[in-house]
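Student: task: produce atomic coordinates for the following.
(one chain, ligands or ions: 1)
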Amino acid sequence: MKTLLIIDVQNDFMPNGSLPVPYGNEIVPNINAIQDKFDLIVATQDWHPRDHVSFANNHEGKSNFDEIKIHGVPQTLWPDHCVQGTEGAAFHPDLNTNKIETIFRKGTDKTIDSYSAFYDNRHLKSTGLAGYLKEKGTSALYLCGLAADICVYFSVRDAVKEGFSCFFIEDASKALDTKAFEKLKKSMVAMGIKMVTSADIL
Ligand SMILES: [Zn+2]
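Tutor: Predicted coordinates:
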């Protein structure tokens with residue numbers, strides 16, 4: 001069964017949001033166009049309490065994009081983003097959400113960040129997504145969304161470890177740091193993840 005996993009297509013990650021991914025809005029029509037080709041569509045939302053550990057504002061003397069360590073794990077400090085229930089945490093208004101069967105929310109624990117759709121950044125707690133997809137019969141998993149070099153990358157890496165056959169949809173994802181992403185893409189290919197475009201799916 002073919003499943004589409006849409007990662008964090010939320011207002012705060014759009015060019016006019018608080019943590020903008022360049023050209024993030026351009027992926028929305030491509031994601032909408034391919035939805036009919038999937039048996040199951042699942043989406044994630046980054047969904048933080050206001051006092052979340054990943055916000056620079058919650059660390060005295062720290063600035064946005066500073067690097068710190070939390071429990072020995074590197075943590076980038078971000079501008080406040082995707083605060084639970086705010087407009088910034090909502091999906092982009094043009095994203096077709098009608099066919100999204102389930103939404104998995106992550107980053108809800110204020111003490112730890114969660115880039116991957118499957119686990120928090122210390123791999124301590126599962127979101128339940130892997131079990132859900134397996135129970136639904138997912139074999140091929142197509143991933144897209146924002147940001148390609150962070151949440152999509154960490155998700156696809158976990159998805160491979162969970163045994164799914166993974167596809168990364170290039171024109172339905174945008175990176176925060178495109179240069180860093182070029183390297184990550186090579187490591188994704190080395191992990192056996194197949195690179196596709198929306199045209200390949202249509
Ligand atoms: Zn976040």
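Student: from here on, just use CA atoms for contacts and neighbour counts.
Tutor: Fine.
Student: any regions of the protein where pLDDT drops low?
Tutor: Nowhere does the chain drop to pLDDT under 70.
Student: pull the longest strand from it.
Tutor: Longest strand in the chain by number of residues (criterion: DSSP state E): strand 165-174.
Student: contacts only, for the nearest residue to Ala175 once chain neighbours are set aside.
Tutor: Leaving out its chain neighbours, the residue that sits closest to Ala175 by Cα to Cα, 6 or more residues apart in numbering is Ala148, at 4.4 Å. Contact partners of Ala148, counting by Cα atoms under 8 Å, 6 or more residues apart in numbering, are 173-176, 181.
Student: let's see that with 7 Å instead.
Tutor: Listed by Cα atoms under 7 Å, 6 or more residues apart in numbering, the contact set of Ala148 reads 173-175.
Student: swap in Cys166?
Tutor: Taking Cα under 7 Å, 6+ apart, we find Cys166 in contact with 140-142, 160, 193-194.
Student: narrow those to just the buried residues.
Tutor: 141-142, 160, 193 (16 or more other Cα atoms under 10 Å).
Student: of all the residues you listed, which comes closest to Glu60?
Tutor: The shortest approach to Glu60 among the buried ones among the contacts of Cys166 belongs to Val160, at 37.8 Å (Cα to Cα).
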